[in-house]
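Asks: Output the structure for:
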Amino acid sequence: MVSVVIPCHNCESFIERAVNSVVNQSIKDVEIILVENNSTDNTLQALLHQQRRFPELIQILKETKKGAPAARNLGLRHAKGTWIQFLDADDELLPNKIYRQLQVATETNADVIAGECTLKYLSQDKEVIRRTDNNVWKGLITSNLGITSSNLWRTSSVLAVKGWDEDLSSSQEYDLLFRLLKSKAVVSVDKTLNTIVHFSENSVSKTTDKEKLKKILNNRIQLRLRIKNELRYRTLLTRELHSAIDNYIYTEITNHYASFPAYANSLLQQYNPKVGLLKKMKFKTKLYLRQLK
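Replies: From the prediction side, this is the model:
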């Protein structure tokens, strides 16, 4: 069995789409765990409606601690499946997603299968394909190792690393992936598009609150430093991976430069990421053009 855990916060208008994408999977041995999480709209009524549609498949739980990680952990503790599909309520799975990834798991004896997805930005009327990297450590560093919904997770392996970190405000799935890799779990890559993410403009990573942005930025940097330490400990820190870490940190800091220039400068001085001259020149040109406006 595969357990599908869906955190549900203010999702009354789109939860049916997510549920339908599970019911329409080519593999039918699934259970669906809907976890209501402090909604202020009619989400609970929408969940009850879905349960009436599929009473043999759906159970509803309630998590009072705010945040998707806590909701996912509650679902994880109740999951009966050997495998677990964490699905965000505004995402949908393509019909062969779970079947395909179970095949990959069998072929590679994996604990996690990292998949590719399509990001749909409705307000901008555009789509972006998010690919996976064949080198799992590089994929982890560059955020190209799937996302929460596009991956499939072995339940026992996630439980062994104590599930999701409920204290993190961002980067939760990459923190979980890192802890799994650190525990010697096997992560395999599925190069097929399998999930559609209907990108929300109120996503935590799209906040305009500068203090929250600083926290998100620091979460990302600190995770890469932890990855660097782990790679160094394992004597796996190749020149390519070292460069990927430095480039990631430099890019993240400079991408946030406009929000807090002084703070970004202090981070650049503190971490001193080594990047190529061309990358530095592009950033300086961008700054110069911004000053002319």
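
Asks: Please name the residues that touch Ser143.
Replies: 174, 248 (CB atoms under 8 Å, 6 or more residues apart in numbering). The way it works is simple: take the backbone N, C-alpha and C, and place the C-beta from them, glycine included.

Asks: Retrieve the pLDDT associated with it.
Replies: For Ser143, the pLDDT comes out at 96.

Asks: ok, now the one 3 residues further on?
Replies: Among the per-residue scores, Gly146 holds a pLDDT of 96.

Asks: do the same with Asp209
Replies: 87.

Asks: Please apply the same query to Tyr288.
Replies: 76.

Asks: and the lengthiest helix in the chain, which residues are buried?
Replies: Longest helix in the chain, counting residues (DSSP state H): helix 210-233. Neighbour-count burial for helix 210-233, counted by 16 or more other CB atoms under 10 Å, picks out 213-217, 219-221, 223-224, 227-228, 230-231.

Asks: Return the distance of the following helix or strand past it from the chain's centre.
Replies: Scanning forward in sequence from helix 210-233 by DSSP states H and E, the next helix or strand is helix 239-255. Its chain's C-alpha centre and that of helix 239-255 lie 19 Å apart, by CA atoms, centre = their mean, to the nearest Å.

Asks: Tell me which residues are up against helix 239-255.
Replies: 137-138, 141-143, 217, 220-221, 224-225, 227-228, 231, 264, 267-268, 271, 273-275, 279, 283.

Asks: Quick check: mean pLDDT of that helix?
Replies: 97.

Asks: now stretch 92-104
Replies: 97.

Asks: Output it as CSV, restricted to C-alpha atoms.
Replies: Below are the C-alpha coordinates for stretch 92-104, written out as CSV (Å, rounded to 0.1, in the frame of the first residue of the first chain):
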residue,chain,number,x,y,z
GLU,A,92,-1.8,17.1,-8.5
LEU,A,93,-0.2,13.8,-9.5
LEU,A,94,-0.1,12.6,-13.1
PRO,A,95,-1.8,9.2,-13.5
ASN,A,96,1.3,6.9,-13.6
LYS,A,97,3.3,8.9,-11.0
ILE,A,98,3.2,6.4,-8.1
TYR,A,99,3.4,3.3,-10.4
ARG,A,100,6.4,4.6,-12.2
GLN,A,101,8.3,5.5,-9.0
LEU,A,102,7.5,2.1,-7.4
GLN,A,103,9.1,0.6,-10.5
VAL,A,104,12.2,2.7,-10.0
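
Asks: Next, the buried residues of that stretch.
Replies: 92-94, 97-98, 100-102, 104.

Asks: Report how many residues lie close to Val35.
Replies: 25 (other CB atoms under 10 Å).

Asks: Can you read off the backbone torsions of it?
Replies: phi -110, psi 100 (degrees, to the nearest 10).

Asks: Please tell me the pLDDT value assigned to it.
Replies: So, for Val35, pLDDT stands at 98.

Asks: Please list all residues in contact with the closest residue to it other than its chain neighbours.
Replies: Computed as CB to CB, 6 or more residues apart in numbering, the closest residue to Val35 that is not its neighbour in sequence is Ala71, at 4.1 Å. Contacts for Ala71 were tallied using CB under 8 Å, 6+ apart; they are 5, 7-9, 35, 37, 63.

Asks: From Tyr248, how far out is Ala71?
Replies: 29 Å (CB to CB, to the nearest Å).

Asks: Among the buried residues of helix 210-233, list the two that are farthest apart in space.
Replies: Largest separation among the buried residues of helix 210-233 by CB to CB: Leu213 and Leu231, giving 27.4 Å.

Asks: Quick check: which helices or strands does the lengthiest strand in the chain pack against?
Replies: In the chain, taking DSSP state E as the definition, the longest strand is strand 187-198. When contacts are defined as 3 or more CB pairs under 8 Å, 6 or more residues apart in numbering; DSSP states H and E, strand 187-198 packs onto strand 91-93, helix 97-108, strand 112-121, helix 136-142, helix 172-182.
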